[in-house]
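*Asks:* need a structure here:
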Amino acid sequence: MTVRLRLDLAYDGTDFSGWAAQPSRRTVEGTLSAALSTVLRTSEPVGITVAGRTDAGVHARGQVAHVDVATEVLATLPGRSDRTPERVLLNRLGGLLPPEVVVQRVTRAPDGFDARFSALERRYLYRLADAEAPRDPLRRRDTVWWPRSLDVAAMDEAAHELLGLKDFAAFCKRREGATTVRTLLEYRWARLDDGVLAATVRADAFCHSMVRALVGAVVAVGEGRRPIAWPAELQHRRERASEIRVMPAHGLSLEAVSYPPDAELAARAVAARARREAPAASDRRG
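*Replies:* Predicted coordinates for the structure are as follows:
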């Protein structure tokens, strides 16, 4: 018997080669798996399922993962302590993980929970300091410094035109056999109180490098090099658009992952595994 545990975590991705474990590379998954293996005393690396695999240099404030732990192993964690096994695991991970990775909560997952497939949506934030914004050296690891002024209103308008269930092949690094159809739920730009431009991007899921390409497409609009309609026009393509600048990774952070009520988790996981198809051209709006 096993118990499924949900892990809520955050990390500074600057010094990691992304989430996914890779031989001879420092990754978030590899670091967390090693710590879990030490605490749980397993001979093999602990397998981790994550809501979204972030690229090298990308951060997370609201990442979610799950692990399956043998019931008897979990039961031995507290020893003579009156603390719960989840609390003991959380505390011990805090003592083993580097300061760039923080597990904030460990809870027993409800029936049907899958960190990846049960998710309804992921929300990302991209921070960009253009020529009008002050350079804050204390935020240099999560904010991209841009040398030119940007028209945030034009960027926001261009971003809005990309919303909906569509094929985002032009904005993705294609993976063999994987679909590039996604539902972009929100994409907006605003200038924050500190002068930094911030993009909020929400979707049911994202393909490889999609968010940074979406940002790069509208930055070209903000600079005045492309018309407002240009990013949306790219969606008619079925291959990656080489004209799009994929923006630097360090400005991007996974802020939150949303899930349905517990009773709907299993059904959501089944639906998410089904291959998505973009609507026919005649059915698309705009």
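*Asks:* tell me the pLDDT at R275?
*Replies:* With respect to pLDDT, R275 has a value of 70.
*Asks:* and it, how many neighbours?
*Replies:* Applying other C-beta atoms under 10 Å, we find 8 residues neighbouring R275. From N, CA and C alone the C-beta is placed, and that goes for glycine too.
*Asks:* for the residue nearest to it when sequence neighbours are not counted, give its distance to V58.
*Replies:* Using C-beta to C-beta, 6 or more residues apart in numbering and skipping the chain neighbours, the partner closest in space to R275 is T179 (5.6 Å). Separation of T179 from V58 (C-beta to C-beta, to the nearest Å): 22 Å.
*Asks:* tell me which of those two has more neighbours.
*Replies:* More crowded of T179 and V58, by other C-beta under 10 Å: V58, with 28 against 17.
*Asks:* who touches the more buried one in this structure?
*Replies:* Counting by C-beta atoms under 8 Å, 6 or more residues apart in numbering, V58 touches G13, G18, A249, H250, L252, S253, L254.
*Asks:* nearest spatial neighbour of the fourth one, chain-adjacent residues omitted?
*Replies:* If I follow you right, that is H250. G57 (5.0 Å).
*Asks:* again with the third one
*Replies:* Take A249 and drop its neighbours on the chain: the residue closest to it by C-beta to C-beta, 6+ apart is G57, 3.3 Å away.
*Asks:* for V221, see how far away the residue nearest to H250 is.
*Replies:* With C-beta to C-beta as the criterion, G57 and V221 are 24 Å apart.
*Asks:* which one of these two has more residues nearby?
*Replies:* V221 (22 against 19).
*Asks:* how much space between the residue nearest to R275 and A267?
*Replies:* Computed as C-beta to C-beta, the T179 to A267 distance reads 20 Å.
*Asks:* ok, D82 next?
*Replies:* According to C-beta to C-beta, D82 and A267 sit 37 Å apart.
*Asks:* with L32 instead?
*Replies:* 29 Å.
*Asks:* ok, these two, which is more surrounded?
*Replies:* Set side by side, L32 and A267 show more neighbours around L32, with 27 against 12, by other C-beta under 10 Å.
*Asks:* just the CA trace of the helix or strand where that one lies, in PDB.
*Replies:* According to DSSP states H and E, L32 maps onto helix 28-40. Extracted C-alpha coordinates of helix 28-40, given in PDB (Å, rounded to 0.1, in the frame of the first residue of the first chain):
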ATOM      1  CA  VAL A  28      15.200  20.900  -9.000                       C
ATOM      2  CA  GLU A  29      13.800  17.400  -9.400                       C
ATOM      3  CA  GLY A  30      17.100  15.700  -8.900                       C
ATOM      4  CA  THR A  31      17.800  17.800  -5.700                       C
ATOM      5  CA  LEU A  32      14.300  17.200  -4.300                       C
ATOM      6  CA  SER A  33      14.400  13.500  -5.100                       C
ATOM      7  CA  ALA A  34      17.700  13.100  -3.400                       C
ATOM      8  CA  ALA A  35      16.400  14.800  -0.300                       C
ATOM      9  CA  LEU A  36      13.300  12.600  -0.300                       C
ATOM     10  CA  SER A  37      15.300   9.500  -0.700                       C
ATOM     11  CA  THR A  38      17.500  10.400   2.300                       C
ATOM     12  CA  VAL A  39      14.500  11.100   4.500                       C
ATOM     13  CA  LEU A  40      12.500   8.000   3.400                       C
END
